[in-house]
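Peer 1: How does the following fold in three dimensions:
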Amino acid sequence: MFTRLLSPGLFPPRLPGFASQCAVCRSWPARQVCQPCVARFAQAEPRCAGCALALPADLSMGLRTGHELCAACARQRPPPDRTLAAVPYAYPWSTLIAGYKFGEQPGWAGFFAALLLKAPGVAQAFGMLDARDWVVPMPLSLVRLQTRGFNQAWELAGALARQSRTAAQADARLLLRIKHTRPQSQLKREARLANVRGAFEVDPLRVADLEGRRVLLVDDVMTSGASLFTAAQALRDAGAAHITAVVLARTAPA
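Peer 2: Numbers count the residues shown, from 1 in each chain. Model prediction:
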């Protein structure tokens, strides 16, 4: 399995919150990633409100109103009301997220949550939640959870809820993954939606808890959006009134 094939030395263990070398530039001391590297590699950029793809610079001189959409989302709006992303899935974030996800380093969740809360729109989305709303991670299948040892989306969702001090409840059992599927990375774009069709379901005993409520759906990486959008549709079908998808990193279009 991929988790076991990684060399332990590839992702050296780090102690969150303690001074250490920056994981990017190796400056000392730094907290996981130093501020100059964050400023350099996590610059805010215009993104599609539907799928969080990076958009060209706005040349309207401020005359446009509302959230921008890419051409695909303008033709067919995805299930989330809005999708927000902090960084591109590129150097150095792709390497750091791989270490977090596959290198058994859940301690990175706090740093990544802080990075997300600084991204445009994310703190505001948390601020709109009340005590009856939900922060929900993308669920893993039991097979993948046993292999990886933890759900990276749940660790991220929990850290976001704590750092934002939201009144909403973070819950890993509201949205269920009821079907184990092949990794999306092994499939071509057109096969990914079919792969996750029917994979997600809201706990039937808790549908009433979701009806008419706001939901923040959290994941670490968004590629085609097939999994995220399928999960969001399951939440919508169960009665969620407003869904904001929040992802740490967004890949570039293939």
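Peer 1: drop to CA atoms for contacts and neighbour counts, all remaining ones
Peer 2: Fine.
Peer 1: I'd say residue 152 and residue 106 touch.
Peer 2: Yes: assessed by CA atoms under 8 Å, residue 152 is found in contact with residue 106 at 6.9 Å.
Peer 1: who's more crowded, the two?
Peer 2: Neighbours were counted for residue 152 and for residue 106 using other CA atoms under 10 Å; residue 152 has more, 27 against 18.
Peer 1: Just say helix, strand or coil for the closest residue in space to the more buried one that isn't next to it in sequence.
Peer 2: Spatially, and ignoring its direct neighbours in sequence, residue 152 is nearest to residue 101 (6.0 Å; CA to CA, 6 or more residues apart in numbering). When classified by DSSP: H, G, I helix; E, B strand; the rest coil, residue 101 comes out as helix.
Peer 1: quick one: residue 101 from residue 40, how far?
Peer 2: Using CA to CA, to the nearest Å, one gets 23 Å for the distance from residue 101 to residue 40.
Peer 1: quick one, which of these two is more surrounded?
Peer 2: Counted by other CA under 10 Å, residue 101 and residue 40 do not tie: residue 101 has more neighbours, with 21 against 8.
Peer 1: what is in contact with residue 152 and residue 106 at once?
Peer 2: Shared contacts of residue 152 and residue 106 (CA atoms under 8 Å, 6 or more residues apart in numbering): residue 100.
Peer 1: Need the pLDDT of residue 12.
Peer 2: Listed pLDDT for residue 12 reads 47.
Peer 1: show me where the stretch 1-150 of the chain has helices.
Peer 2: 2-5, 35-41, 71-75, 93-102, 109-117, 122-127, 142-148 (DSSP state H, counting those that start in this stretch).
Peer 1: Which of the ones you listed sits closest to residue 169?
Peer 2: Evaluated with CA to CA, the helices of the stretch 1-150 of the chain place helix 122-127 nearest to residue 169, the distance being 11.1 Å.
Peer 1: What residues of that closest one count as buried?
Peer 2: 122-123, 125-126 (16 or more other CA atoms under 10 Å).
Peer 1: May I see these arranged in CSV, with distance to residue 88 and pLDDT as well?
Peer 2: Shown next, in CSV, are the buried residues of helix 122-127 (distance: CA to CA, whole Å; pLDDT from 0 to 100):
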residue, distance to residue 88, pLDDT
122, 16, 98
123, 19, 98
125, 20, 98
126, 21, 98
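Peer 1: any idea which of those residues is closest to residue 96?
Peer 2: Checking the buried residues of helix 122-127 one by one against residue 96 (CA to CA), the nearest turns out to be residue 122, at 20.9 Å.
Peer 1: Which residues are in contact with the closest one?
Peer 2: Contacts of residue 122 (CA under 8 Å, 6+ apart): 84, 116, 246.
Peer 1: how about low-confidence regions in the chain?
Peer 2: Residue ranges of the chain with pLDDT under 70: 1-19, 58-67, 180-195, 254.
Peer 1: Which residue ranges of it form strands?
Peer 2: In the chain, the segments counted as strands under DSSP state E are 82-88, 134-137, 169-170, 175-177, 200-202, 214-222, 242-250.
Peer 1: Which among those is found nearest to residue 235?
Peer 2: strand 200-202 (6.5 Å).
Peer 1: name the helices or strands packed onto that closest one?
Peer 2: Contact analysis of strand 200-202 by 3 or more CA pairs under 8 Å, 6 or more residues apart in numbering; DSSP states H and E lists strand 175-177, helix 226-237 as its packing neighbours.
Peer 1: Dump those to CSV, plus distance to residue 198 and mean neighbour count.
Peer 2: Below are those laid out as CSV (distance: least, CA to CA, whole Å; neighbours: other CA atoms under 10 Å):
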stretch, distance to residue 198, mean neighbour count
strand 175-177, 9, 21
helix 226-237, 8, 22
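Peer 1: Can you convert these into a markdown table and add a column each for distance to residue 132?
Peer 2: Shown next, in a markdown table, are the helices and strands packed on strand 200-202 (distance: least, CA to CA, whole Å):
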| stretch | distance to residue 132 |
| --- | --- |
| strand 175-177 | 16 |
| helix 226-237 | 15 |
